[in-house]
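Student: Let me see the structure of the following:
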Amino acid sequence: MSDSLLLDIDAGVATLTLNRPDSLNSLDRGLKEALAQALASVSADDSVRAVVFAGAGRAFCVGQDLKEHVGSLESDGPPLDTVVRHYNPIALAIAEMPKPVVAAVRGAAAGAGASLALLADFRIGGPATSFLMAFARVGLAGDTGVSWTLPRLVGHAKAAELLLLARPVAADDALRLGMLTELTGSDDEVLPRAQEFAKELAAGPTVAFGQIKRELVHGARSTLSEALAIEAEAQRVCGDTEDHRASTMAFVNKQKAVFTGR
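Tutor: Numbers count the residues shown, from 1 in each chain. Now for the predicted structure:
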């Protein structure tokens, strides 16, 4: 996609790698724009059935490039228009991605970088993985969806603690709290395990996965009757798929189902 964002597609899995290791993959305008473009591309690509996020080098992503941000503070324009222009669309694109998303969280995930990881459906970490809701350390509130994702993962009280006190969360605690799905034995295993995990998902009923994600995103803020309507529509979509018909027949005949994503 660009020098700062790498895209590799293999066996139905698209791996998006934030590639600014010298700045711990901090998010400048170029990287944010490339990420938004890449998310739209893989979302629309029927050959992609799962997505992996990773960071090059020793960190996942430490959030906004503060050197670039200083320039916006010194200009006459709105200092945080990047939230509406970049972070909000990226957050929606990840949350509403119609296929599973796995974050390979090697090393630090801080600020908007932590928010990006928490938007994934699954997060794989290693011994050096840590999360830091760093926003309050520079006098800011949370963004990139963290006020929506974090309470759903750890509960309201813990989310308030992590955001207000801005204390780092080490790998073991992140696993216990539900911020990580799996913890590998070494940091070098994080990306391979995330890609293996994604390939397992890519071999599954990906239309159903997409509809389940839609149910969870929209059902969480709906009334019961609205959630039931969303479920009915999701089942209509899934019921029309080859995967549903073939896997039902396989189950009845005590055979292993093979899913094609159609």
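Student: for the stretch 151-262 of the chain, what spans make up the strands?
Tutor: With strands called from DSSP state E, counting those that start in this stretch, the stretch 151-262 of the chain shows them at 169-170, 182-183.
Student: Tell me which of those sits nearest to R221.
Tutor: Among the strands of the stretch 151-262 of the chain, strand 169-170 comes nearest to R221, with 25.9 Å by C-beta to C-beta. Glycine gets a C-beta too; all of them are placed from N, C-alpha and C.
Student: Which strands or helices does that closest one pack on?
Tutor: For strand 169-170, the contact count by 3 or more C-beta pairs under 8 Å, 6 or more residues apart in numbering; DSSP states H and E identifies strand 130-132 as packing neighbours.
Student: Mind giving me the packing neighbours of the strand it packs on?
Tutor: Under the contact definition 3+ C-beta pairs under 8 Å, 6+ apart, strand 130-132 sits against strand 108-110, helix 112-119, strand 169-170, helix 171-177.
Student: residues in contact with it?
Tutor: Judged by C-beta atoms under 8 Å, 6 or more residues apart in numbering, the contacts made with strand 130-132 from elsewhere in the structure are 105, 107-111, 114, 117-118, 162, 166-171, 174, 179.
Student: And those residues, which of them are buried?
Tutor: Restricting those to buried positions leaves 105, 107-111, 114, 117-118, 162, 166, 169, 171, 174, 179, with burial counted as 16 or more other C-beta atoms under 10 Å.
Student: which one among the residues you listed gets closest to H86?
Tutor: Among the buried ones among the contacts of strand 130-132, and counting by C-beta to C-beta, the member closest to H86 is G111, at 13.5 Å.
Student: what sits against that closest one?
Tutor: Listed by C-beta under 8 Å, 6+ apart, the contact partners of G111 are V62, G63, Q64, L132, M133, A134, F135.
Student: quick one, what contacts the second one?
Tutor: The neighbours of G63, taking C-beta under 8 Å, 6+ apart as the test, are S26, L27, A110, G111, A112, G113, A114, S115, A134.
Student: Let me know whether the fifth one touches T144 as I believe.
Tutor: Yes. With contact defined as C-beta atoms under 8 Å, A112 reaches T144; the gap is 4.5 Å.
Student: out of those two, which sits in the more crowded spot?
Tutor: Of the pair A112 and T144, A112 is the one with more neighbours under other C-beta atoms under 10 Å, namely 29 against 26.
Student: List the residues that contact the more buried one.
Tutor: Neighbouring residues of A112 by C-beta under 8 Å, 6+ apart: L27, C61, G63, Q64, Y87, D143, T144.
Student: Could I get those residues in TSV, plus columns for pLDDT?
Tutor: As requested, the contacts of A112 are exported to TSV (pLDDT from 0 to 100):
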residue	pLDDT
L27	95
C61	97
G63	93
Q64	90
Y87	95
D143	95
T144	96
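Student: Now the two most distant members of the residues you listed.
Tutor: Checking the contacts of A112 against each other with C-beta to C-beta, the farthest-apart pair comes out as C61 and D143, at 13.7 Å.
Student: Tell me which of these two has more neighbours.
Tutor: Here C61 and D143 are compared on neighbour count by other C-beta under 10 Å; more neighbours surround C61, at 30 against 20.
Student: before we move on, the earlier item: any shared contact partners between A112 and T144?
Tutor: With contacts taken as C-beta under 8 Å, 6+ apart, the residues that reach both A112 and T144 are Y87.
Student: count of neighbours near R29?
Tutor: Taking other C-beta under 10 Å as the criterion, the count of residues near R29 is 13.
Student: Would you confirm that it contacts D81?
Tutor: No. R29 sits out of contact with D81 when judged by C-beta under 8 Å, with a separation of 10.9 Å.
Student: following the lowest-mean-pLDDT helix or strand in the chain, which helix or strand shows up next?
Tutor: For the chain, scoring each helix and strand by mean pLDDT, DSSP states H and E identifies helix 66-73 as the least confident one, at a mean of 72. Secondary structure here is assigned by DSSP states H and E; on that basis, the next helix or strand after helix 66-73 toward the C-terminus is helix 82.
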